[in-house]
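Chemist: Just to be clear, the model below is a prediction. Sequence and coordinates:
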Amino acid sequence: MTTSAFASLPIKTELLTSIASLGYEQMTPIQAQALPVLLKRQDLLAQAKTGSGKTAAFAIGLLEKLDVQSYQTQALVLCPTRELADQVSKEIRQLAKTIANIKILTLCGGQPMSGQLASLERHPHVVVGTPGRILKHVQKGSLQFGGLETLVLDEADRMLDMGFHEDIMLILDSIPRKRQTLLFSATYPDEIRAVSDLIQHEPIEIRIEATHDNKKIKQVFYQFNKGERSKTLVALLQHYRPESSLIFCNRKQQCQELADDLWQQGFHVLALHGDLEQFERDQVLVQFSNQSSSILVATDVAARGLDIKELAAVINYDLSTDAEAHIHRIGRTGRAGNVGLALSLFLQSEQWRVDGIGKFQGKAVTIESTNSLKTRENFKLIPPMATLFINGGRKDKVRAGDILGALTASQKLQGKDIGRIDIFDKISYVAVARPLVKQALKILTEGKIKGRKFRVRKLR
Ligand code: ADP
Ligand code: MG
C-alpha cells in the first residue's frame, strides 16, 4: 500500500467507503500532507491552488471526529460566497452519506431567516456558511458554538478581500478557545499570517507550490448579462480596488470609449492604442508607471512590450480570441513575488472560450457570480501621485537631479514626496504626491530649473 492511499489513514470504514464511492483513488498532495495533521487534531495553515482537493481534506478531518449522538454543532466552515458554501456542503454531504443521522446545514445571506431558524431547531452537527449570516445567527442566539470542535476558514484570503475580517472575529468570540482551527488559502498575503497569529494555536504550515506562473495569480471569471459589460467592470473595480490595473479590449476604438466612460465615473484612467502619436504613448506610459493613473485600457498590440513591474490586476474586458493570448495577458500581473489578480468578463455565449482557457492551462477555471461583488457607491480609486509636464529635456541639459533640486530647495517639499522623473529629449515628467501637486506646480512655474525658466503644467 502506498502512503497516498486513503486506507493508510486512521479513519473509520464509513468514510473509506464514501471516499471510494466518489471515485477518489489516491490522496491529492494537499490531502496527503494535511490529513495526518488534521487527524492529530492540530491546527493547520494550508496554501494550495484551487482545484487541489482542499475541501475533502478538511471534510474528512472534521467528519472523522464527529459525534452524531451529540446535539451540539461541532464543526463550522466559513466560506466567502454562497456558491462556495454550497459546493463545500455538497462535498461534505457526499462524504458523510455513509454516516447515519448526521445533520449538515448551509446558512448564507440572501435567503430568508425564517427557514434557517426552523432548520436550526434540528441541531445541525456541521454548519457551513458565509460570515455575515453566521454572525447574524450568533447574535440572535439561534446558533451556539459552545460545543464547537473544528473551525474551518476556507478561502481565507478571499474572505479578507471581501471585508469579512470583523465578522469573523466577532464569530470567534462565541467559539471555545480549545478547538481545532484550519485555515485554507490559495494565496499567502501578510493578512493571512496576521489572522493565523490571532486565531490559531501553533499551526502546522503546509504549502503546495503550483507549477509555473499560475502560482501567484488569482484568476476569476465573471459572466455578465448583455448590455451590462461596463457596469460589471465598475463593480469589479469597486470590489477588488486594485491599485493599478491593465484592462484589455479587443478593438482599439473601444479602448478610448471605455477610458472616457470610466473617466466620467471618476476613475483615473488612460487609454493606450495604435492611434496615439509616439509622444502621446510615452506620456500615457509615464503616467501609468509613475502611479499617476490607476487604470490603463489597452489592446494586445498596444500593450506589447509594456513592462510594468507591479501591476495589481489584469482585467479582460473582452476575452482573448485564443487561450494562449489569455495566459500571456494575465502573466503581466503577479510578478516580483506579488500575488496577481486576473479578472475576466464573459457572455454566456463565450462559455466555450472559458472552457478552452481551462483546458489550455490544465486546470479548472473559477467562475463566480457577479452577485458576490460588493459595490461601494462612493468609492473612488485615487492614484497616489500626479504628473507635472516640463517643457524642457535632455537637449536643454535638464537632469533628474535638477528637477528634484528645484522642487525641494525651499524645503516645502521633501524627497519622499517626489516620485519618478522621466527625461526625454525636449520634455520631462515628474511625479509628485497627489495632495502636494499644486504646491509643486507653483514652485516650478515661479522658480527656475538650472537657472532657466520652463513651462510647466499638470497633466490630468
Ligand atoms: P480546492 O478547494 O482545493 O480548490 P476542491 O476541494 O474543490 O479543490 O476539489 C477539486 C476537485 O477535485 C473536486 O471536484 C473534487 O471532487 C476532486 N477531488 C478531491 N479530492 C480528490 C481525490 N483524492 N481524487 C480525485 N478527485 C478529487
Ligand atoms: Mg476550495
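Modeler: Everything's here; your move. Ligands and ions are numbered 1, 2, ... in the order given.
Chemist: C-alpha from now on. contacts and neighbour counts both.
Modeler: Noted.
Chemist: Tell me which residues touch Phe279, please.
Modeler: Residues touching Phe279, when contacts are defined by Cα atoms under 8 Å, 6 or more residues apart in numbering, are absent altogether.
Chemist: any idea how far the closest residue in space to Lys363 that isn't next to it in sequence lies from Tyr240?
Modeler: Once its chain neighbours are removed from consideration, Lys363 has its nearest residue in Gly51; the separation is 7.3 Å (Cα to Cα, 6 or more residues apart in numbering). With distances defined as Cα to Cα, to the nearest Å, the gap from Gly51 to Tyr240 amounts to 22 Å.
Chemist: Looking at the two, which is more packed in?
Modeler: Between Gly51 and Tyr240, counted using other Cα atoms under 10 Å, Tyr240 has the larger neighbour count: 17 against 13.
Chemist: contacting residues for the more buried one?
Modeler: For Tyr240, the contacting residues are Asp161, Met162, taking Cα under 8 Å, 6+ apart as the criterion.
Chemist: What pLDDT does the model give it?
Modeler: Per-residue confidence for Tyr240 comes out at a pLDDT of 93.
Chemist: Next, it: phi, psi?
Modeler: Main-chain dihedrals, Tyr240, degrees, to the nearest 10: phi -90, psi -20.
Chemist: Tell me who's in contact with Gly163.
Modeler: The contact partners of Gly163, by Cα under 8 Å, 6+ apart, come to none.
Chemist: Does Glu25 touch Ala5 like I think?
Modeler: Yes: Glu25 is within contact range of Ala5, at 7.0 Å (criterion: Cα atoms under 8 Å).
Chemist: near ligand 1, which residues of the stretch 101-250 of the chain?
Modeler: Taking Cα under 6 Å from any ligand atom as the criterion, ligand 1 has no neighbours within the stretch 101-250 of the chain.
Chemist: Distance check, Asn225 against ligand 1.
Modeler: 26 Å (Cα to the nearest ligand atom, to the nearest Å).
Chemist: ok so that residue is a helix residue?
Modeler: No: read with DSSP: H, G, I helix; E, B strand; the rest coil, Asn225 is coil and lies in no helix.
Chemist: Look up the closest residue to it, ignoring the ones flanking it.
Modeler: Going by Cα to Cα, 6+ apart, Asn225 has Leu347 as its nearest residue, at 6.5 Å.
Chemist: With Ala7 instead?
Modeler: The spatial neighbour of Ala7 that comes closest, neighbours along the chain excluded (Cα to Cα, 6+ apart), is Leu16 at 6.7 Å.
Chemist: Verify the contact between that neighbour and Ser8 for me.
Modeler: No: applying Cα under 8 Å, one finds Leu16 not in contact with Ser8, separated by 10.1 Å.
Chemist: Extract the C-alpha trace of stretch 95-104 and format it as CSV.
Modeler: In CSV, the C-alpha atoms belonging to stretch 95-104 read as follows (Å, rounded to 0.1, in the frame of the first residue of the first chain):
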residue,chain,number,x,y,z
LEU,A,95,-18.5,12.1,2.2
ALA,A,96,-20.9,11.9,5.1
LYS,A,97,-23.6,9.8,3.3
THR,A,98,-22.4,6.6,5.0
ILE,A,99,-22.8,8.2,8.5
ALA,A,100,-26.3,7.7,9.7
ASN,A,101,-28.3,10.7,11.2
ILE,A,102,-25.8,13.3,10.5
LYS,A,103,-27.1,16.8,10.0
ILE,A,104,-25.4,19.3,7.8
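Chemist: secondary structure class for Tyr429?
Modeler: Secondary structure assignment for Tyr429 (three-state DSSP): strand.
Chemist: Val128 versus Ser52, what's the distance?
Modeler: 20 Å.
Chemist: Between these two, which has more neighbouring residues?
Modeler: In this view Ser52 and Val128 are compared by other Cα under 10 Å, and Val128 has more residues nearby, 25 against 18.
Chemist: wait, that one sits on Gln74?
Modeler: No: distance between Val128 and Gln74: 11.3 Å, which falls outside the contact criterion (Cα under 8 Å).
Chemist: Give me the common contacts of those two.
Modeler: With contacts defined as Cα under 8 Å, 6+ apart, no residue is shared by Val128 and Gln74.
Chemist: Next up, the contacts around the residue nearest to Asn225.
Modeler: With contacts defined as Cα under 8 Å, 6+ apart, Leu347 is in contact with Gln223, Phe224, Asn225, Lys226.
Chemist: now, among those, which is nearest to Ile367?
Modeler: When the contacts of Leu347 are compared for distance to Ile367, the smallest value, 7.6 Å, is given by Gln223; criterion: Cα to Cα.
Chemist: Contact partners for Asp355?
Modeler: Listed by Cα under 8 Å, 6+ apart, the contact set of Asp355 reads Val365.
Chemist: Mind doing that once more with 10 Å?
Modeler: Taking Cα atoms under 10 Å, 6 or more residues apart in numbering as the contact definition, Asp355 lies against Ala323, Lys363, Ala364, Val365.
Chemist: cool, Ala7 as well?
Modeler: Residues near Ala7 by Cα under 10 Å, 6+ apart: Met1, Thr13, Leu15, Leu16, Thr17, Ile19, Ala20, Glu25, Gln26, Met27.
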